[in-house]
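Below are the sequence and a predicted model for it; my questions follow.
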Amino acid sequence: MAELLSTAPEDIERAARALKEGKLVAFPTETVYGLGADATNTTALARVFEAKRRPTFDPLIVHIARSEELPSVADLSQLSAERRTLVTRLIEQFWPGPLTLILPKQPHVPDLATSALPTVAVRLPAHPVAQDLIRRTGLPVAAPSANPFGYLSPTRAEHVKEQLGNKVDFIIDGGRSDVGVESTVLDLSSEEVTILRPGGLARERIESLIGPVHQIDRTTKHPTAPGQLPSHYAPRAALSLYPAGGIPLQFPAQGERTACLFFSDASRAQWLASFQSANPGMEAPLCQVLSHSGSLIEAAANLFDLLHQLDALAVDRILAERVPDRDLGPAINDRLYKARGEAKGNH
């Protein structure tokens, strides 16, 4: 079982030594907890894929501690002068933070980290513990989310312990992740600047800096960045996704323990009034709310935490409504969409 570490300097130093020895260390970032390994060590990288049961065609994100370290993993000379200027503007504005850049890779970056693609995914996390750990390691650190492939991403150390406890050497407990959804992945390696995965940095903020960007279809079967597969981030319960206000008032399945997941207190109250009118005397199902005030920032931070709670309650089915499709809304809806699991035949 993984040993739990604190955020004290001596524990972070111990975790850094472990990474340099090829061990796996789960650590907090502002988005979700990452499963860290030395990005230059193919044996350590192989352990990541084994621990997560992750297919090797799904590339990893390489984390660095300072923007000055970017040229050590990305070959910016392959970009045009105009595109290099764009990279600089994005880094100055949004790093450290929940933005991953897809760039041409340096030849020494192992193919296992990039799924043999000519590009590498790079991020500079904002969490001080993550920065300190990577800096003490003195190496780029590959760190996908610290959960089994396809399952809910962890936003607390206990989530990591529950899902990967016997496959990780150390877990640094840094409290709950603030953002709560993975980073936005932006491809700068091809002709068209493209968001490959919506995430913790809203598209509107990127476009306010560099102008319109393309967004890839989320149903791709051939990922060029993490989190692109159509079924991902799934709880144990079957999840059905509905338009805002569209959760049904009757549940055909008998004997199932159902929970409803609403965006705000207002949407929950409106649905409960309709449910009680349509089903007089019937007990309403368990109802959870992503944000009491209707804040998309709060909803993103609470998403995986609430889904973990519903898993712990062993509900059979989750009926979730989409959130407004603005700011962090596309990232939340993307996670809910992929949590459905196409094999389940959900809405």
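Perfect, I can see it now. Numbers count the residues shown, from 1 in each chain.

mean confidence score for stretch 275-285?
The average of the pLDDT scores along stretch 275-285 is 91.

For the residue lying closest to G329 once chain neighbours are set aside, the count of nearby residues, please.
Spatial nearest neighbour of G329, excluding adjacent residues (C-beta to C-beta, 6 or more residues apart in numbering): V323 at 4.8 Å. The C-beta positions use only the backbone N, C-alpha and C, and glycine is treated the same way. By other C-beta atoms under 10 Å, the residues close to V323 number 26.

A299 is in contact with V323, correct?
Yes. Counting by C-beta atoms under 8 Å, A299 is a contact partner of V323 at 5.8 Å.

what sits in contact with each of those two?
263, 290, 332 (C-beta atoms under 8 Å, 6 or more residues apart in numbering).

residues contacting the first one?
Yep, that's F263 we're talking about. Residues near F263 by C-beta under 8 Å, 6+ apart: 244, 289-291, 294, 299, 321-324.

hmm, try it at 6 Å
290, 323 (C-beta atoms under 6 Å, 6 or more residues apart in numbering).

In the protein, which helix is the longest?
Counting residues, the longest helix found in the chain (DSSP state H) is helix 296-312.

then stretch 326-337 to CSV, C-alphas only?
C-alpha atoms of stretch 326-337 as CSV (Å, rounded to 0.1, in the frame of the first residue of the first chain):
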residue,chain,number,x,y,z
ARG,A,326,-19.9,28.8,-21.5
ASP,A,327,-16.6,29.4,-19.6
LEU,A,328,-15.8,26.1,-17.8
GLY,A,329,-19.1,24.6,-18.8
PRO,A,330,-17.8,22.9,-21.9
ALA,A,331,-15.1,21.1,-19.8
ILE,A,332,-17.8,19.9,-17.3
ASN,A,333,-20.1,18.8,-20.0
ASP,A,334,-17.3,17.0,-21.8
ARG,A,335,-16.5,15.0,-18.6
LEU,A,336,-20.2,14.2,-18.1
TYR,A,337,-20.6,13.2,-21.7
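
tell me the SS of L19?
helix (DSSP: H, G, I helix; E, B strand; the rest coil).

what does the longest helix of the chain contact?
So helix 296-312 is in contact with 152-153, 155, 159, 180-181, 235-236, 259, 288, 290-291, 318, 323, 327-329, 332, going by C-beta under 6 Å, 6+ apart.

let's see it at 8 Å
Here helix 296-312 has contacts from 32, 152-156, 159, 176-181, 200, 233, 235-237, 259, 261, 263, 286, 288, 290-292, 318, 323-324, 326-329, 331-332, 335-336, 339, using C-beta under 8 Å, 6+ apart.

So which of the residues you listed belong to strands?
259, 261, 286, 288, 318 (DSSP state E).

give me the beta-bridge partners of the second one?
Put plainly, it is L261. Beta-bridge partners recorded for L261 (DSSP bridges): Q288, A320.

Next one, pLDDT for it please.
97.

Over to the fourth one?
With respect to pLDDT, Q288 scores 97.

For it, grab the count of nearby residues.
18.

Make 43 the first number, not 1, from now on.
Taking 43 as the first residue, the last one we looked at is Q330.

Report the contact partners of it.
By C-beta under 8 Å, 6+ apart, the residues touching Q330 are 301-304, 348, 351-352.

Tell me who's in contact with G216.
49, 69-70, 169, 171, 199.

can you tell me how far I106 sits from N321?
55 Å (C-beta to C-beta, to the nearest Å).

do C302 as well
13 Å.

more neighbours, those two?
C302 (25 against 13).

That one and S187: what is the separation?
With C-beta to C-beta as the criterion, C302 and S187 are 26 Å apart.

still on that earlier bit, buried ones in the longest helix of the chain?
Within helix 338-354, the residues that count as buried by 16 or more other C-beta atoms under 10 Å are 338, 340-350, 352-353.

per the record, what domains does this protein have?
45-223, 280-386 (automatic domain parsing).

lowest-confidence stretch among these?
Taking the mean pLDDT of the domains of the chain, domain 280-386 comes last: a mean of 91.

Report the distance from that one to the chain centre.
19 Å (C-alpha atoms, centre = their mean, to the nearest Å).
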